[in-house]
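*Asks:* Dropping a prediction and its sequence here:
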Amino acid sequence: MPSTALELRHLETLLALAECGSLSKAAARLFLTQSALSHQLKALESHFGAALVEKNVRPLRFTAIGQRLLELARAVLPQVAEAGRDVARLAQGHAGPLRIAVQCHNCFDWLMPAMDAYRSLWPEVELDIISGFVVDPLPLLERGEAELAVVHDKPDARPTLAFSALFRYESVALMSPRHPLAAKHWLEAEDFAKETLITYPVPDEMLDVMKHCLTPAGIDPKRRTAELTVAILQLVASGRGVAALPSWAVGNYLERGYVVSRPIGRDGLRCELYAATSRAGAEAAYIREFIALTRTLSLTELRGVSAL
């Protein structure tokens, strides 16, 4: 039998496979290539002399041996994580507050479930969201008025701040199924020129489609604004204009056929989200765990996101 030993990373792999349901999604969650994860799984199967997952079965399904190891992962990994939190508390003292500033309206769709899951792990943390979206939340970190900020795109180097990748997502064009643009396979910048663009009431630099597509092309369409995602989609479904939103924010509406989506550009409009903290905050265990938990839940649960 090969000498490969069962390690915590192997248990993490099995748990990711079970929760994500596929090699590709599990690999993204673990920041591995699909090839590396597949190699790790094959090494484990060689070690135990038996398959851990059933071959050519979709969705992914564990064998009896794989199930037993999965039971071990589900029992051991929470204990390891809990011990790590206890050690951090002893070494660093009690956790401080965690005030979060967000740079986008629809971040709340995935931020709230992450916060809810986090509370049971760090009940002593004073967890709060700074009211409303903030165009530039980084000065709040620098002034000590927030401990974490969710920002679009990684900004230029800021010596006092640290940035952790959350995930990459696709911003898609949305229109009524009866809109003439629905006949196209994807939309170019010029397709927006004569349309009414329905957006949140925020500056252009906060809108993915403007920042990365329309403004560079010199296109400034007519605007109509709405505070809520559901209001934007209602206007789109009624043929009052078009919109561009993250694919994970509109999945239910697409499935019900209220609106249709098209890629922006032949290859789609890919955007990124980062968690920003102070340098000291980046070393705090309770903040690091919040970022890791948020990233894991997003990669597992959100439609159309991928690892950075």
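*Replies:* Arrived safely, thanks for sending.

*Asks:* What does the pLDDT read for residue 12?
*Replies:* pLDDT, residue 12: 90.

*Asks:* who's in contact with it?
*Replies:* 30, 73, 77 (CB atoms under 8 Å, 6 or more residues apart in numbering). All C-beta atoms are positioned from the backbone trio N, CA, C, and that covers glycine.

*Asks:* State the helix or strand in which it lies.
*Replies:* In this structure, residue 12 sits in helix 8-20 according to DSSP states H and E.

*Asks:* Which residue ranges of the stretch 151-300 of the chain form strands?
*Replies:* 161-175, 196-199, 222-225, 243-246, 260-262, 269-278 (DSSP state E, counting those that start in this stretch).

*Asks:* and what of the stretch 1-150 of the chain?
*Replies:* 98-102, 127-133, 148-152.

*Asks:* What lies in contact with the longest one?
*Replies:* Strand 127-133 is contacted from outside by 97-105, 108, 111, 115, 118-119, 137, 140, 145-146, 202, 206, using CB under 8 Å, 6+ apart.

*Asks:* Can I have the buried ones of the residues you listed as a PyMOL selection?
*Replies:* Here is the PyMOL command that selects the buried residues among those (16 or more other CB atoms under 10 Å):
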select buried, resi 98+99+100+101+102+103+104+105+111+115+118+137+140+146+206
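
*Asks:* The helix or strand of the chain with the lowest mean pLDDT pairs with which strands, parallel or anti?
*Replies:* In the chain, the helix or strand scored least confidently by mean pLDDT, DSSP states H and E is strand 127-133, which has a mean of 79. Taking DSSP bridges as the criterion, strand 127-133 forms sheet pairs with strand 98-102 (parallel).

*Asks:* now could you export just the CA positions of the strand it pairs with as CSV?
*Replies:* The C-alpha coordinates for strand 98-102 follow below in CSV (Å, rounded to 0.1, in the frame of the first residue of the first chain):
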residue,chain,number,x,y,z
LEU,A,98,-16.7,43.5,13.2
ARG,A,99,-18.3,46.5,11.5
ILE,A,100,-18.7,45.8,7.7
ALA,A,101,-19.0,48.4,5.0
VAL,A,102,-20.3,47.4,1.6
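
*Asks:* what number of residues lie near residue 249?
*Replies:* By the criterion of other CB atoms under 10 Å, residue 249 has 24 neighbours.

*Asks:* so it makes contact with residue 105?
*Replies:* No - Residue 249 lies out of contact with residue 105 (CB atoms under 8 Å); the separation is 9.1 Å.

*Asks:* which stretches of the stretch 51-200 of the chain have low pLDDT?
*Replies:* Applying pLDDT under 70 to the stretch 51-200 of the chain flags residues 88-95, 132-133.

*Asks:* gap between residue 170 and residue 305?
*Replies:* 8 Å (CB to CB, to the nearest Å).

*Asks:* again, but for residue 236
*Replies:* Residue 236 is 22 Å from residue 305, by CB to CB.

*Asks:* Next up, the contacts around the nearest residue to residue 200 once chain neighbours are set aside.
*Replies:* Leaving out its chain neighbours, the residue that sits closest to residue 200 by CB to CB, 6 or more residues apart in numbering is residue 105, at 4.8 Å. By CB under 8 Å, 6+ apart, residue 105 lies in contact with 133, 200, 202, 227, 229.

*Asks:* likewise residue 271?
*Replies:* Residue 271 sits next to 152, 153, 168, 169, 170, 171, 208, 212, 246 when contact means CB under 8 Å, 6+ apart.

*Asks:* Repeat that for residue 276.
*Replies:* Going by CB under 8 Å, 6+ apart, the list of residues near residue 276 reads 137, 138, 141, 148, 149, 150, 151, 161, 162, 163, 164.

*Asks:* quick revisit: what residues of the helix holding residue 12 count as buried?
*Replies:* Buried, per 16+ other CB under 10 Å, within helix 8-20: 10, 11, 12, 13, 14, 15, 16, 17, 18, 20.

*Asks:* Check stretch 182-193 too.
*Replies:* Result for stretch 182-193 [16+ other CB under 10 Å]: buried residues 182, 186, 187, 189, 191, 192.

*Asks:* Quick one: end-to-end length of stretch 49-57, please.
*Replies:* This stretch, stretch 49-57, spans 20 Å end to end (CA to CA, to the nearest Å).
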